[in-house]
Each structure stands twice: as structure tokens, then as C-alpha cells.
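In: structure for this input, please:
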Amino acid sequence: MTIVDFLAELGRQDIQVWADGDRLQCDAPDAALTPELANQLRLRKSEILAFLRGPAELSFSQQRLWFLDRVVPDSATYVIHGALELRGVLDAPVLERALGMLVVRHDSLRTLFVTVDGRPLQVVTEPAAWTLPVTDLSAEEGARQRLGKLLREESSRGFDLARGPLFRARLFRLGANAHVLLLAMHHIVSDGWSMEILTRELAELYACLSRGEPTTLPGLRVQYRDFARWQREWLQGEVLEEQLSHWRERLA
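Out: You can find the predicted model right below:
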């Protein structure tokens, strides 16, 4: 049985497996994980981890965005951005650490899109040193007007899907207790809902790090790459034909 077939069989039994560093984690309903399946997981651990970390096909929405980027490379049309105004004392190094932890936590923020034999694949890069650029406007006249111009410039910059990174941040300092944090991502790895999750998790990570406490965010069992694999496996055969038949009838 191939690794794809084996994982598909686990999925049909509602058994979830995911990579947690060098460990293979598993979550299964009562009695679903039989001794035979547990033994197979142990024997094929390295193979499963290599597959989960390896290149994956794109989801259908990602493939649409990848195609549009090929038509108009580095366009800012699909850049999702948000500017957060931060009031009060800010520890920029701690904020930088919190952002770096987010990049490690979410595979999507480290994903690139490469072409192999004419076919797009998504590849998650290993975590690397992450720095937060800081632009100090505190001594400038008309700092707010200057900030607006810089925010527009940053927001209008596109991304190179093949080279990345597809997530960037920049901190603008307006004064000792006034800062603006710009976050920008390509839509192929994010959406409006994801931005809300990131800002919420960033606030929690920053608060924990500021207090010297361990972070309380639970581990992620599923990354977007896992969803893309599931979608590709699900939408084929009879399911795909049913969907195609519906739209052929509606559009006839």
C-alpha cells in the first residue's frame, strides 16, 4: 500500500496524523487505532514524516491564484495587508520574537510555490532567522503623512511566489509610545479570516513573552498543505463527476 493510500485509509477511519517536529502525532476515535494500524504507523513513521513535509499539490483556490500570478507576475492585486496602531510602551525585540514564533508555527508563512515539470507544487521551507524591520519616523515633520505614503508603498509591493517569503512585516515608530505595525501576505497563503487569527495569536504570544511566561497556544494538528492534499484526494472519481454534472446542467 502506498503512503498516499495508507493515509487515505486512516482518514476514512477519522484517524488524524501530523508532524510535530521529529515526532509523528496521532489522534483517533476509540477503538479505531487497532494494534495492526499502530504497528504500521511505527514502521512507516519516517516515510510518513517525509511525505507530510514534502512538496504538495495546490488546493484549487491556490492553483487559480498561482495561474493569475503567472499572467501578471508580482502583482499587488492579491496582497492582503493590515496596519495595527500600537499605543503605549512597546518592546520591539519581544514583538520581533513573537512574529518569528508565528512564522515557525504556521507552515503557510514559510511556503513557496515552485514549478516541477510544468506542475505547481507548494514547498514549506525550514524556519530561519526572522527580523522585524523598523522605520523610525519620530523625528520627522509630518510623520503621519509620511507614514501614510510608506504604508501605501509597502502595500503595493507584490510577492515572488517562487522565491518568497510570502509574509512580511514592518514596524513604524512615530514616538516613544506610538507605533504602527504593517503585516502583509499573499492571498495564496492567507485570507481575511487568517489575518484575524494571526493578529490574535500575535497579541497572545507578545503578552506571554513580555511576562516571561510560556506560550499557551495549542499545537496545530492540521496545516493548509494537509487540507490541499485532502481536497485533491476527495474531489475525484464519482465526487468530481457529480460536481461536473451539476455545473454542466446549470450552465447548459
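In: ok, now which ones touch the residue nearest the centre of the chain?
Out: Compute the mean C-alpha point of the chain, and by Cα atoms, centre = their mean the closest residue is Ser108, 2.0 Å away. Ser108 makes contact with Leu166, Val189, Ser190, Ser194, Gln223, Tyr224, Arg225, according to Cβ atoms under 8 Å, 6 or more residues apart in numbering. Where you see a C-beta, it was placed from the backbone N, CA and C, and this is true even at glycine.
In: the closest residue to the third one other than its chain neighbours: helix or strand, and which one exactly?
Out: Read that as Ser190. Using Cβ to Cβ, 6 or more residues apart in numbering and skipping the chain neighbours, the partner closest in space to Ser190 is Ile80 (5.4 Å). Applying DSSP states H and E as the criterion places Ile80 in strand 79-87.
In: in JSON lines: the contacts of Ser108, plus distance to Asn177.
Out: As requested, the contacts of Ser108 are arranged in JSON lines below (distance: Cβ to Cβ, whole Å):
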{"residue": "Leu166", "distance to Asn177": "32"}
{"residue": "Val189", "distance to Asn177": "33"}
{"residue": "Ser190", "distance to Asn177": "30"}
{"residue": "Ser194", "distance to Asn177": "29"}
{"residue": "Gln223", "distance to Asn177": "37"}
{"residue": "Tyr224", "distance to Asn177": "37"}
{"residue": "Arg225", "distance to Asn177": "40"}
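In: tell me the most packed of these, by neighbour count.
Out: Of all the contacts of Ser108, the most densely surrounded is Val189 (26 neighbours; neighbours counted as other Cβ atoms under 10 Å).
In: which residues sit in contact with that residue?
Out: Ser108, Leu109, Thr111, Leu166, Phe167, Tyr224.
In: just grab the bridge partners of the third one for me.
Out: Okay, so that is Thr111. Beta-bridge pairing of Thr111 under DSSP bridges involves Val124.
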